[in-house]
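Peer 1: Model the structure of this input:
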Amino acid sequence: MKRLLLVSAAVILSACSGETLGGFRAPTLSGDPAKMSADTLCYRAAYAKEDPALLAEVKARNLDCGQILESQPF
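Peer 2: Sure thing, here's the model as predicted:
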């Protein structure tokens, strides 16, 4: 019975929507390069299908994507 109650609570809480949940920003799937973190932006610019908007944002932020990607624990 307790397990069912916990599972039900988890399902209900996970269904909450909004930009923030518990004070933390939820990740967005907007694909807007201006909202991406530096590591996400560099990864997508390097490995995803070539997108001029990604490359323009990397250039606008003057990011050293080589160094950023090397420091990632992939």
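Peer 1: Next, the contact list for Val58, please.
Peer 2: By C-beta atoms under 8 Å, 6 or more residues apart in numbering, the contact set of Val58 is Leu41, Cys42, Ala45, Cys65. In short, each C-beta sits where N, CA and C put it, glycine included.
Peer 1: Restricted to helices, list the residues you listed.
Peer 2: Among the contacts of Val58, the residues falling in helices (DSSP state H) are Leu41, Cys42, Ala45, Cys65.
Peer 1: quick one: the third one and Leu55 touch, right?
Peer 2: Yes. Counting by C-beta atoms under 8 Å, Ala45 touches Leu55, with 5.8 Å between them.
Peer 1: who's more crowded, these two?
Peer 2: For Ala45 versus Leu55, neighbours defined as other C-beta atoms under 10 Å are more numerous around Ala45 (22 against 14).
Peer 1: any idea how far that one is from Asp32?
Peer 2: Distance, Ala45 to Asp32, by C-beta to C-beta, to the nearest Å: 14 Å.
Peer 1: Please apply the same query to Leu54.
Peer 2: 10 Å.
Peer 1: What are the boundaries of the helices in the protein?
Peer 2: Using DSSP H, the helices of the chain run over residues 2-14, 38-47, 52-61, 65-70.
Peer 1: Pick out the shakiest of those helices, pLDDT-wise.
Peer 2: Lowest mean pLDDT of the helices of the chain: helix 2-14, a mean of 66.
Peer 1: picking that back up, please say which of Leu54 and Asp32 ends up with more neighbours.
Peer 2: Using other C-beta under 10 Å as the criterion, Leu54 and Asp32 rank with Leu54 on top: 21 against 10.
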